[in-house]
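Engineer: Return atomic coordinates for the entry below.
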Amino acid sequence: MRTLHVGLRVQDLERSVGFYTGLGYEVIGTVQETAMGSLTMLKLPEDEHVSIELVHDPSTGPVGPGGLNHLVIQAEDMLQTVARLAGHGIQVDAPSSPNGSEDFLTTWLTDPDGYRIELVQWPVGHADGLTRADFPEEPSRSRAELDEPQP
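Structural biologist: Model (predicted):
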């Protein structure tokens with residue numbers, strides 16, 4: 001088994017598509033008139049598969065982020081990414097480093113429906129995502145410890 005994608009309810013489909021394409025996603029297809037509403041499938045250029053599905057049904061009323069805490073997206077070069085997003089009119093918090101280094105950076109932004117998105121630039125040598133190596137046998141680690149290479 002593996003995670004396929006996340007479906008996000010959106011209030012204004014055009015506004016949300018504009019936001020996510022400005023963030024770097026591409027629309028690869030749509031499905032109209034499903035029981036959930038219209039579905040717009042998005043993926044990042046480097047990804048092979050859809051990672052976000054925008055679900056739009058105006059008849060369901062206002063949309064809020066609900067129980068979703070946040071999405072996390074990897075950025076290869078945080079400063080270039082933040083500058084590109086600013087060029088698309090997307091507000092991004094100032095990047096910071098959880099451990100004080102120059103190559104492990106995180107920042108936050110919010111989509112038009114209030115969903116929080118964390119951008120992460122991993123330090124050199126870190127895997128492209130969190131792996132078991134990021135979590136030793138102890139039950140938990142601090143965020144600053146996540147960039148330390150594991151044996």
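Engineer: For this structure, which segments count as strands?
Structural biologist: All strands of the chain, identified by DSSP state E, fall at 6-9, 26-34, 37-43, 52-56, 71-74, 105-110, 116-121.
Engineer: Which strands and helices lie in contact with the second one?
Structural biologist: In this case it means strand 26-34. Judged by 3 or more CB pairs under 8 Å, 6 or more residues apart in numbering; DSSP states H and E, the packing partners of strand 26-34 are strand 37-43. In short, each C-beta sits where N, CA and C put it, glycine included.
Engineer: what is the orientation angle of the strand it packs on with strand 26-34?
Structural biologist: 160 degrees (axes from the mean of the first three to the mean of the last three CA atoms, to 10 degrees).
Engineer: which other residues reach strand 37-43?
Structural biologist: Contacting residues not belonging to strand 37-43 are listed as 5, 7, 13, 17, 20-21, 25-32, 49-60 [CB atoms under 8 Å, 6 or more residues apart in numbering].
Engineer: Roughly how far does E76 sit from T110?
Structural biologist: According to CB to CB, to the nearest Å, E76 stands 22 Å off from T110.
Engineer: and these two? which has more neighbours close in?
Structural biologist: Comparing E76 with T110 by other CB atoms under 10 Å, the one with more neighbours is T110, at 16 against 10.
Engineer: Not counting its neighbours along the chain, what's nearest the more buried one?
Structural biologist: Leaving aside its sequence neighbours, T110 sits nearest to R116 (CB to CB, 6 or more residues apart in numbering; 5.7 Å).
Engineer: What score does that neighbour have for pLDDT?
Structural biologist: Listed pLDDT for R116 reads 93.
Engineer: same deal with R143?
Structural biologist: As summarised for this prediction, R143 has a pLDDT of 55.
Engineer: Look at I90 and say how many residues are nearby.
Structural biologist: Counted with other CB under 10 Å, residues neighbouring I90 total 19.
Engineer: and V55, how many neighbours does it have?
Structural biologist: V55 has 19 nearby residues by other CB under 10 Å.
Engineer: Wait, it touches H5, no?
Structural biologist: No: the pair V55 / H5 is not scored as a contact, 11.1 Å apart, by CB atoms under 8 Å.
Engineer: hey, what's the closest residue to P45 other than its chain neighbours bridged with?
Structural biologist: Excluding its sequence neighbours, the residue lying closest to P45 (CB to CB, 6+ apart) is E26, at 6.3 Å. For E26, the beta-bridge partners under DSSP bridges are K43.
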